[in-house]
Each structure stands twice: as structure tokens, then as C-alpha cells.
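Enquirer: pasting the structure only:
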């Protein structure tokens with residue numbers, strides 16, 4: 001890291017990119033200590049977190065591009081692999097433990113930093129080597145070491161619990177920390193919000209660029225490439241938050257398209273709808289934006305009808321999202337709005353409330369309304385003790401990544417969608433409880449249509465939701481932008 005960056009106590013990728021103050025991570029450590037003290041957890045204790053390690057590509061001597069473990073990043077802001085961090089609960093003093101490299105490491109990886117240089121780099125005074133953890137812990141004499149162990153409710157996987165040789169000689173508790181730190185991550189500080197605004201602005205601009213370069217005859221991955229190039233070259237975002245989804249035509253109905261078996265490799269055709277779900281990542285902080293539009297920049301009447309139905313659902317949620325409102329209720333609002341418009345468009349018939357109960361909404365939008373976002377694109381804290389549990393036995397609602405009551409400083413995505421998925425449509429048309437709501441002839445017209453998703457990243461404030469995403473959204477705005485007309489708000 002350059003001396004300028006060290007001097008300014010920020011993490012950044014150079015001129016023109018956002019400086020992430022190291023104070024952000026110091027603030028998070030202080031928040032954690034205050035939370036633990038307020039709940040009488042950990043007097044005389046030490047929080048111990050273990051960062052991520054380089055991961056080899058199968059049995060080779062190359063590694064995947066490293067990205068720091070999110071809980072560790074939240075607390076310490078360290079971008080290097082192979083580290084540990086400790087926080088004394090009583091005093092708030094922080095310690096980091098760094099790898100001790102052999103002398104020839106510098107031949108391949110650059111000059112080896114001294115311990116004090118690590119301290120300057122990350123604004124943490126107490127720097128030790130990983131091999132000395134047991135010795136340092138013995139000198140600190142904690143009543144208890146608090147380690148992180150808990151399940152991520154999105155993935156079903158467990159967080160990485162800190163471990164070192166000799167830890168068994170200490171009193172270790174791995175049940176008290178997880179719920180507290182996961183809940184703290186739900187609520188963003190002012191400094192975190194500034195980073196999120198930056199990465200969302202970069203992603204928004206990249207989406208706008210893709211909108212102007214998409215055309216029939218190109219491959220989907222070429223649009224993905226434009227997005228990645230802009231985010232890295234202009235925004236300094238070396239990572240993306242997830243595999244880019246660049247679905248066109250029927251591929252737009254594949255919710256997680258773009259995976260290794262279908263790597264955004266279809267040739268784009270005239271008349272296609274594009275559904276591009278892509279988000280940059282900056283020093284761990286995520287963005288997640290989906291834009292849907294016709295490849296030729298002009299909506300057909302059918303495309304306009306489906307798009308406006310989804311947009312109306314998006315805006316209904318955006319205008320209703322505020323502290324005290326249930327996220328599950330907002331999901332129902334979005335689905336209700338969508339079904340009303342599909343009924344007006346002649347695709348559905350019958351009572352909308354009866355459709356809701358029957359699960360018709362989940363045929364067109366099988367996923368939840370959105371999710372928390374922060375250091376992970378599907379951020380933690382969705383289902384914790386003392387929060388509303390995951391809804392059960394309600395199609396679509398049971399897929400929600402959180403059912404929490406909205407509070408200030410939450411950052412979430414609002415992403416209603418409407419997809420024409422053959423598998424789900426075939427099932428519905430064969431089910432007498434569902435088929436009575438469908439106009440089969442109208443449904444057949446939308447086979448191979450794909451789908452529409454409109455996904456915005458929003459911040460919950462005391463006055464409501466602020467949309468941080470900056471892309472054309474109305475039919476008129478999209479058509480103007482794709483025709484090359486500039487808009488002052490971008």
C-alpha cells in the first residue's frame with residue numbers, strides 16, 4: 001500500500017476511487033464491545049476472529065482471487081489472508097496476528113512488511129505473529145475467549161470459528177458472540193453507508209454503460225465484460241458480489257443464470273428482453289442491481305405491460321418501506337400489485353386475494369422480495385432469535401431471506417419480478433386449484449418471453465426508504481437513455 005494511503009488511514013484503490021476510512025472498522029469494534037457490555041457478555045473476555053486464507057484451485061499451486069471473510073473484514077478491515085484479530089472486551093484494545101513469512105517470500109510476493117508497518121497499514125497498534133497467539137493470550141489472561149460460530153440462514157453454512165494450537169487450554173465460548181455481531185451487521189454506520197453509496201453508484205454507471213452497448217448479434221458475456229471492465233477500470237472494484245446474470249430472451253427466466261453450465265454464452269437476438277443482474281464489490285461491500293429492457297431499446301406492447309407491472313410493484317414497496325413495517329407484508333404488497341396488473345393484462349382472471357392464497361404469485365415470482373445487503377450481497381441477520389421466524393407454508397413468502405420489521409440503517413434490495421418459467425407454468429395449468437386463474441391462450445403467448453426483474457438498493461431512514469440506485473427505470477427513461485439522450489440526474 002502506498003505511503004499516501006497509509007498516511008490518510010484509508011483503504012482505497014488509488015486516485016478517483018473511494019477512500020474507506022480505517023475508522024469504519026474501529027467504530028465497528030467499539031459497537032461490538034458496547035453491545036457485549038450492555039448485555040453483560042464477556043467481562044474480562046476477548047473476542048477472537050479468524051480471517052480467511054488463500055484457497056488453492058483444486059490441487060494446483062494457484063489460488064482463487066482472495067476476498068476477506070466478512071465478519072473479520074467488518075471488525076478489522078484487513079485485506080490480507082492468514083490473519084487473526086482479537087478485541088479485549090473490557091478496554092476495547094485491538095490486536096492483530098499476522099503470518100510470519102520466510103525471507104525468500106519477498107522474492108515472489110514483494111517486500112515483507114515489519115510488524116509496525118502492518119500496524120500503520122491497518123491503524124492497529126498491537127501487532128503480533130500468528131505463531132504467538134497462545135503466548136499473547138496467556139499474557140492477557142482472559143476469563144473467556146469468545147469465538148464466532150453460527151449458521152448463515154441464506155446458505156445453511158456455518159461461520160468460520162477461530163482456532164489455534166493450544167486454544168483448548170483456555171475457556172472458550174462459541175455461542176454468545178454470533179447473534180450479537182450478526183445483528184450489528186444489519187445496521188450500517190454512516191461510514192459504511194458512504195461505502196455502499198459509492199459501490200452502488202459505480203454499479204449503476206456500469207449498468208447504464210451496458211444499456212448503450214447491448215445489441216443483437218452480441219453474446220451475453222460481452223455485456224458482462226463491459227460491466228466488469230467499467231467497475232474495475234473506473235471504480236477500482238476488483239471483485240463482483242456474485243456471478244453476473246446476463247439473461248436474454250428465454251434465459252431471463254432462469255433466476256441464477258450465468259453459472260458454469262450456462263456462462264452467459266447465448267447470442268442476443270432482435271426482440272429479446274434483457275435481464276442483467278450485476279453488482280460490483282468494493283473492499284467487501286456489495287451492490288446488487290438488476291435492469292430489464294428490450295435489446296433494441298424500444299418496448300413492444302407485451303414487454304411494456306409486463307415491465308410496468310413489475311415497476312408498479314417495485315414502486316409500491318419503495319413508497320411503503322419505512323421503520324415499523326414488516327418485510328413479509330411488503331412482499332405480499334408486491335405480489336398483490338403484480339397480480340392486479342397481470343389480471344388487467346388478460347393473463348389472469350378471478351379474485352386477486354384468492355390467487356394469493358392459492359399461490360399464483362409464486363408461479364410468476366418464486367423468489368422473495370429482496371434481502372439485506374452489506375458486506376455480503378445476501379447479508380447476515382435475516383433470521384436471528386427474537387426476530388420474526390421464516391414464514392412457512394405460504395408459496396413465495398417462504399423464500400424470503402428475512403421477515404424482519406424494518407428499522408433505520410438497514411440496507412436492502414427491492415427486487416420484484418415476473419417470469420414465464422415453463423416448469424412452473426406447466427405445473428399450474430395441470431393443477432385445478434391454480435389453472436382456473438390462468439388464461440391459457442394468453443399464457444402461451446408469453447412462452448419464451450423470459451422475464452423482468454427490477455432490483456434497487458435502498459437505505460431505510462426514519463422518513464422511509466431512499467433509493468441509492470441510479471439507472472433509468474420508467475419505460476420512457478429507458479427508451480430515451482438507450483437512444484443516446486443524456487439525463488441530468490445521471
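Expert: Thanks, I have it. What you see is a predicted model, and the numbers here were worked out from it, not measured in a lab.

Enquirer: ok, residues contacting stretch 476-490?
Expert: 204-205, 208, 211-212, 293, 297-299, 470-472 (C-beta atoms under 8 Å, 6 or more residues apart in numbering). The way it works is simple: take the backbone N, C-alpha and C, and place the C-beta from them, glycine included.

Enquirer: residue contacts, residue 411?
Expert: 188, 193, 196, 372-374, 379, 457-460, 468.

Enquirer: a markdown table please, covering those and showing pLDDT.
Expert: Below are those laid out as a markdown table (pLDDT from 0 to 100):
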| residue | pLDDT |
| --- | --- |
| 188 | 98 |
| 193 | 98 |
| 196 | 99 |
| 372 | 98 |
| 373 | 98 |
| 374 | 98 |
| 379 | 98 |
| 457 | 99 |
| 458 | 99 |
| 459 | 99 |
| 460 | 99 |
| 468 | 98 |
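
Enquirer: Using CSV, lay out those together with secondary structure, distance to residue 442 and neighbour count.
Expert: Below are the contacts of residue 411 laid out as CSV (DSSP: H, G, I helix; E, B strand; the rest coil; distance: C-beta to C-beta, whole Å; neighbours: other C-beta atoms under 10 Å):
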residue, secondary structure, distance to residue 442, neighbour count
188, coil, 44, 24
193, helix, 44, 17
196, helix, 41, 22
372, strand, 36, 23
373, coil, 36, 25
374, coil, 41, 25
379, coil, 38, 26
457, strand, 33, 26
458, strand, 33, 22
459, strand, 38, 21
460, strand, 37, 21
468, coil, 36, 21
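
Enquirer: Looking at the contacts of stretch 476-490, state which has the most neighbours.
Expert: When these are compared by neighbour count (other C-beta atoms under 10 Å), residue 293 ends up highest, at 27 neighbours.

Enquirer: looking at this, that residue is in a helix?
Expert: No: secondary structure of residue 293, determined by DSSP: H, G, I helix; E, B strand; the rest coil: strand, with no helix assignment.

Enquirer: Quick check: beta-bridge partners of it?
Expert: residue 274 (DSSP bridges).

Enquirer: How much space separates it from residue 453?
Expert: To residue 453, residue 293 is 11 Å away according to C-beta to C-beta, to the nearest Å.

Enquirer: And for residue 331?
Expert: With C-beta to C-beta as the criterion, residue 331 and residue 453 are 14 Å apart.

Enquirer: so residue 307 makes contact with residue 452?
Expert: Yes: shown here, residue 307 and residue 452 form a contact pair, counting by C-beta atoms under 8 Å, at 5.3 Å.

Enquirer: More neighbours: which of these two?
Expert: residue 452 (26 against 22).

Enquirer: Name the residues contacting each of residue 307 and residue 452.
Expert: residue 292.

Enquirer: Got the phi and psi for the residue most central in space within the chain?
Expert: Geometric centre of the chain, nearest residue: residue 377, 1.2 Å, by C-alpha atoms, centre = their mean. Dihedral angles of residue 377 (phi, psi; degrees, to the nearest 10) stand at phi -60, psi -40.

Enquirer: next one: residue 40
Expert: Torsion angles, degrees, to the nearest 10, at residue 40: phi 50, psi 40.

Enquirer: count of neighbours near it?
Expert: By the measure other C-beta under 10 Å, the count of residues near residue 40 is 7.

Enquirer: what's the answer for residue 144, then?
Expert: Residue 144: 18 surrounding residues under other C-beta under 10 Å.

Enquirer: what's across from it in the sheet?
Expert: In this entry, residue 144 is beta-bridged to residue 45, by DSSP bridges.

Enquirer: And the strands in the stretch 1-150 of the chain?
Expert: Assigned by DSSP state E, counting those that start in this stretch, the stretch 1-150 of the chain shows strands spanning 10-11, 20-21, 45-50, 84-88, 94-98, 126-129, 144-146.

Enquirer: So which of those is the most surrounded?
Expert: Ranked by average neighbour count under the criterion mean count of other C-beta atoms under 10 Å, these are headed by strand 45-50 at a mean of 24.

Enquirer: mind giving me the domain split of the chain?
Expert: What the record gives for the chain is the domain set 3-186, 190-482, from automatic domain parsing.

Enquirer: Please work out which of the ones you listed is packed deepest.
Expert: domain 190-482 (a mean of 19).

Enquirer: What's the separation between the nearest residue to residue 172 once chain neighbours are set aside and residue 164?
Expert: Leaving aside its chain neighbours, residue 172 sits nearest to residue 145 (4.9 Å; criterion: C-beta to C-beta, 6 or more residues apart in numbering). As for residue 145, its distance to residue 164 is 10 Å (criterion: C-beta to C-beta).

Enquirer: and what of residue 102?
Expert: In terms of C-beta to C-beta, residue 102 sits 20 Å off from residue 164.

Enquirer: what does residue 158 give?
Expert: On the measure of C-beta to C-beta, residue 158 and residue 164 end up 18 Å apart.

Enquirer: show me the contacts for residue 467.
Expert: 318, 456-458.

Enquirer: how does it look with 7 Å?
Expert: Going by C-beta atoms under 7 Å, 6 or more residues apart in numbering, residue 467 touches 318, 456, 458.

Enquirer: With adjacent residues omitted, what lies nearest to the last one?
Expert: Pointing back at residue 458 there. Closest residue to residue 458 in three dimensions, ignoring its sequence neighbours and counting by C-beta to C-beta, 6+ apart: residue 465, at 4.4 Å.

Enquirer: is it fair to say the one you found lies in a strand?
Expert: Yes: the assignment for residue 465 is a strand, going by three-state DSSP.

Enquirer: And it, how far from residue 308?
Expert: Distance from residue 465 to residue 308, by C-beta to C-beta: 20 Å.

Enquirer: before we move on, what about residue 56?
Expert: Distance of residue 56 to residue 308, computed by C-beta to C-beta: 49 Å.

Enquirer: Can you show me the helices along the stretch 101-250 of the chain?
Expert: Using DSSP state H, counting those that start in this stretch, the helices assigned to the stretch 101-250 of the chain run over residues 105-109, 115-122, 133-140, 177-186, 190-213, 220-233.

Enquirer: Give me the below-cutoff pLDDT ranges for the stretch 1-150 of the chain.
Expert: Residue ranges of the stretch 1-150 of the chain with pLDDT under 70: 1-8.

Enquirer: can you pull the contacts of the residue nearest to residue 335 when sequence neighbours are not counted?
Expert: Excluding the flanking residues, the one nearest residue 335 by C-beta to C-beta, 6+ apart is residue 361, at 3.7 Å. Applying C-beta under 7 Å, 6+ apart, we find residue 361 in contact with 335, 338-339, 355, 396.

Enquirer: Swap in 6 Å and give it another go.
Expert: By C-beta atoms under 6 Å, 6 or more residues apart in numbering, the residues touching residue 361 are 335, 339, 396.

Enquirer: so how far is residue 154 from the spatially closest residue to residue 466 that is not a sequence neighbour?
Expert: Of all residues not flanking residue 466 in the chain, residue 459 sits nearest, at 4.8 Å (C-beta to C-beta, 6+ apart). The spacing between residue 459 and residue 154, counted by C-beta to C-beta, is 21 Å.

Enquirer: Doesn't residue 265 lie inside a helix?
Expert: No: Residue 265: not assigned to a helix; according to three-state DSSP it is coil.

Enquirer: show me the contacts for it.
Expert: Applying C-beta under 6 Å, 6+ apart, the residues near residue 265 are residue 221.

Enquirer: now do the one 3 residues further on
Expert: When contacts are counted by C-beta under 6 Å, 6+ apart, residue 268 is found next to 216, 218, 248, 295.

Enquirer: coming back round to it: how about the residue nearest to residue 335, phi and psi?
Expert: Note on residue 361: backbone dihedrals following degrees, to the nearest 10 are phi -60, psi -40.
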